[in-house]
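Asker: sharing a model that was predicted from the sequence below.
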Amino acid sequence: MKKFTRRTLTVATLAAVALGTSGYRFSGFPDTAGKTTANNATTWLKAQQQSDGSFELAGFPGFETPDAIMAIAENAQLQTAWKPSQALAAVMATTNNGYNPLHAIDDLVDGGISAGQAAKIIVLVAKPLGLSAINFDPDGDGGTKNLKTLVTSGKQPDGSYGTFNATLYAMIALRKTSVVVGPDTVAYMRAAQESGGGWNYAGDNSGAYADVDTTALAIQAMIASRVPPTDADVRQGLAFLAAQYQSGSGAWQSFGSDDPNSTAAAMLAITAAGFNPEASCWRNSVAPALTGQPYPSPSGWLRSQQQPDGHIASPNDIFGLNTFASSQSIQALRRGWLPIAPAAKQPCS
C-alpha cells in the first residue's frame, strides 16, 4: 500500500510540474454560449467569401483573409487539443467560384510580401493549418515561398522587422518557427513602451497615444519571446489594459467606442499572460486599486454584439461591413490556437 501511495504521489507531482512548465491556456472551448456565437458568426463569415476565395470586403488585399482563415479554423476544432487537420479541412471546404481562401493567400504571397505580412501568414495560416512555412505553396502551382526566410531576412539593424506592428508579429512567428527572438528585438520593443504602460501603433514612446490593440499584441509578442509574465514591462502593459477596461459593459474601446476587435485583442493578451480574461483576478493582480470594481464578462459583451444575421457589430460598420470584427471575435471566443505559447497559470495577489 505504501509503495502504491508513493508511486501515486510521484505521478501527481510530475503532472503538476508538467502543467507548470508546459504553459497554461484558459481556452474558450468549454464555453457553450461562446461556441454558439462563434458558430453563427462563422456561418455569416463564410457567406462573405469573394469570388477569388478571399474575404477582402474592405478592398485591402491580405487585410481580412488571414484572420478569416484563423476564425474558420478555430470554429472547426472539436476538442481542446488543436488539430491542424480539422483546421485545414474546414478552410479547404470553404469555397466560392471554385476557390478556397488559401488560393487568395497563395496569390498574395506570390505577388511579393513584406516580413510583417509573412509573419502574419505564418501565425494565422501556415502553422495552425499544418502547412509548411519553409515551402509554402498551398495552391501547388510551383510558386514555393520560404515564409520563415522572408521574416528572418527582414530584420533591421535596430532589431525591428519593419513597422512596429510587423515586428510584433515577427516575434510571434519566430517562436512558431523555432527561432530565438534576439535580445535586440526585445529591447527595441521595450524601448517603445510609453510611460503609461501601453504601446502605440507607431512604436513611439514619447507621447500618450497607446492603444488597446497594439498593447495587447505587444504583450503576446513578449510572452511568445519567453519574457515571463512577471516581467515589469508585461505587468505595466496589463495594467494599461486594466485601466482601459470598461466596467460598465465588459468591453475595451477604440476611439472612444466599445469595440469588438479591441476586446478580442485584450482577451488574447490576458490569456497569453496566464490569466483568465473571464474573471477579475488578472485586473486585481496588476491594478490592485481597481479591486472591487464591477467586472462584466468580456466574452459576454462580444456575444451581445451578435446581430440577427450572425455578424459581430462594430463601430466601423458605419463605413460598410467587413469581416474583421467577426473574425477576431471568433478567435477570442474560442482561444484554441491563439494566443500561441501562453504562460503558465498565474496566481492572483
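Answerer: Okay, I see it.

Asker: show me where the stretch 151-300 of the chain has helices.
Answerer: Remark: helices assigned in the stretch 151-300 of the chain by DSSP state H, counting those that start in this stretch are 164-176, 183-191, 212-224, 232-244, 260-272, 281-286, 298-304.

Asker: give me the residues contacting the last one.
Answerer: When contacts are defined by CB atoms under 8 Å, 6 or more residues apart in numbering, helix 298-304 is touched by residues 28, 31, 33-34, 37, 249-252, 258, 260, 263-264, 266-267, 277-278, 312, 329, 332-333. Yep, even glycine has a C-beta here, placed from its N, CA and C like the rest.

Asker: give the burial count for the nearest residue to residue 211 once chain neighbours are set aside, as a bare number.
Answerer: Beyond its immediate neighbours in the sequence, the residue positioned closest to residue 211 (CB to CB, 6 or more residues apart in numbering) is residue 200, lying 5.8 Å away. Residues lying near residue 200 (other CB atoms under 10 Å) number 21.

Asker: re earlier: pull out the buried members of the contacts of helix 298-304.
Answerer: Under a neighbour-count criterion of 16 or more other CB atoms under 10 Å, the subset of those counted as buried comprises 28, 31, 34, 37, 249-252, 258, 260, 263-264, 266-267, 277-278, 312, 329, 332-333.

Asker: quick one: which of these sit in strands?
Answerer: Among those, the ones falling in strands (DSSP state E) are 252, 258.

Asker: okay, now residue 30: neighbour count?
Answerer: Residue 30 has 9 neighbouring residues, counting by other CB under 10 Å.

Asker: for residue 82, same thing?
Answerer: Other residues close to residue 82 by other CB under 10 Å number 17.

Asker: need the contact list for it.
Answerer: Taking CB under 8 Å, 6+ apart as the definition of contact, the neighbours of residue 82 are 128, 336-337.

Asker: could you redo those residues as a markdown table and give each row secondary structure?
Answerer: Shown next, in a markdown table, are the contacts of residue 82 (DSSP: H, G, I helix; E, B strand; the rest coil):
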| residue | secondary structure |
| --- | --- |
| 128 | coil |
| 336 | coil |
| 337 | coil |
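
Asker: show me how to select, in PyMOL, the buried members of those.
Answerer: For anyone working in PyMOL, the buried entries among those, judged by 16+ other CB under 10 Å, can be selected with:
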select buried, resi 128+336+337
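
Asker: distance to residue 122 and pLDDT for the contacts of residue 82 - can I get that in JSON lines?
Answerer: Putting the contacts of residue 82 into JSON lines (distance: CB to CB, whole Å; pLDDT from 0 to 100) gives the following:
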{"residue": "128", "distance to residue 122": "10", "pLDDT": "98"}
{"residue": "336", "distance to residue 122": "17", "pLDDT": "97"}
{"residue": "337", "distance to residue 122": "12", "pLDDT": "98"}
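
Asker: of all the contacts of residue 82, which comes closest to residue 41?
Answerer: The shortest distance between residue 41 and any of the contacts of residue 82, using CB to CB, involves residue 336 and amounts to 15.0 Å.

Asker: doesn't residue 149 lie inside a helix?
Answerer: Yes. Using three-state DSSP, the assignment for residue 149 is a helix.

Asker: got a pLDDT number for it?
Answerer: The score at residue 149 is 98. That number is its pLDDT.
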